[in-house]
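**Q** the sequence isn't on hand, but the structure is:
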């Protein structure tokens, strides 16, 4: 079933990590897991500062050529009634030192306890900002509205018997 705008945003924003896809120099998808926040219609994700001798992260090099971005959040469950996904697409900007970068880092600092916003503000890399153009979301059923409640792995009888 197709998800409404509020439901898509709610599911997406509850996630702790999502996959960000950019387009590389050969036209291929380059997909990486990232931490993020969404503020209004802008998606923010921090990047590492290049270390000596290493180039900028691949996603930033890709954005130098092509600013199109797709981001995916999803929940797979062996009980398919709980499966869902939400995708957003937009145009990315790379934000260096600026008030917008400071704002984004503050939001990230509030979302992730392990994120050290003040240190990142001083020593971190740029932030990818995606101006969101569209959202699309799907859920297998109404039951998947309980997003984020993942069942613990259950060992199945056929697995136990094959290990004997």
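**A** Yep, it's here. Fair warning: this is a prediction, and the values are worked out from it, not measured in the lab. Numbers count the residues shown, from 1 in each chain.
**Q** what's the neighbour count on residue 64?
**A** Residue 64 has 10 neighbours, counted by other CB atoms under 10 Å. Quick note: C-beta positions are derived from backbone N, CA and C, even for glycine.
**Q** which secondary structure state does residue 10 sit in?
**A** helix (DSSP: H, G, I helix; E, B strand; the rest coil).
**Q** residue 125 looks like it's in a strand, true?
**A** No - applying three-state DSSP, one finds residue 125 to be coil, outside a strand.
**Q** how much space between it and residue 46?
**A** 7 Å (CB to CB, to the nearest Å).
**Q** who's more crowded, those two?
**A** residue 46 (23 against 17).
**Q** which ones are touching that one?
**A** Residue 46 makes contacts with 35, 104, 105, 108, 115, 120, 124, 125, 127, 128, as judged by CB atoms under 8 Å, 6 or more residues apart in numbering.
**Q** can you do 7 Å?
**A** 35, 105, 108, 120, 124, 125, 127 (CB atoms under 7 Å, 6 or more residues apart in numbering).
**Q** what do you get for residue 34?
**A** 17, 18, 20, 45.
**Q** again, only this time at 6 Å
**A** Residue 34 sits next to 20, 45 when contact means CB atoms under 6 Å, 6 or more residues apart in numbering.
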